[in-house]
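Peer 1: Sequence isn't available, so here's the structure alone:
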């Protein structure tokens, strides 16, 4: 799972794009979410809530035993 702030000055979006593409190329499940209105670390409560919910869904899908 990759969560990216589009305005992040420390981890550029292009770097996250490359990581996601490499994972996909190697058949590694990856979910990529870009928050257009965030930088490095999320400041807006609604974005934090969405990010944590998406993390839970991703972990539930990929780690939970049936």
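Peer 2: Structure received. All figures in this text were calculated on a predicted structure; none of them were measured in a lab.
Peer 1: Would you map the helices across this protein?
Peer 2: The residue ranges that make up the helices of the chain, judged by DSSP state H, are 13-25, 45-63.
Peer 1: out of those, nearest to residue 35?
Peer 2: In this view, the helices of the chain are compared for proximity to residue 35 by C-beta to C-beta, and helix 45-63 is the closest at 5.1 Å. Yep, even glycine has a C-beta here, placed from its N, CA and C like the rest.
Peer 1: buried sites along that closest one?
Peer 2: In terms of neighbour count (16 or more other C-beta atoms under 10 Å), helix 45-63 has its buried residues at 47, 51.
Peer 1: Show the average pLDDT along that helix.
Peer 2: Model confidence over helix 45-63 averages 96 on the pLDDT scale.
Peer 1: How much space separates the residue lying closest to residue 30 once chain neighbours are set aside from residue 32?
Peer 2: Excluding the flanking residues, the one nearest residue 30 by C-beta to C-beta, 6 or more residues apart in numbering is residue 23, at 4.2 Å. Shown here: residue 23 relative to residue 32, a distance of 9 Å by C-beta to C-beta, to the nearest Å.
Peer 1: What of residue 57?
Peer 2: If you go by C-beta to C-beta, the gap between residue 57 and residue 32 works out to 14 Å.
Peer 1: Next: residue 24.
Peer 2: Spatial separation of residue 24 from residue 32 under the definition C-beta to C-beta is 9 Å.
Peer 1: Tell me which of these two has more neighbours.
Peer 2: When neighbours are counted by other C-beta atoms under 10 Å, residue 32 comes out ahead of the other of residue 24 and residue 32, with 15 against 12.
Peer 1: So the more buried one sits against residue 16, correct?
Peer 2: Yes. With contact taken as C-beta atoms under 8 Å, residue 32 and residue 16 are classed as touching, separated by 7.2 Å.
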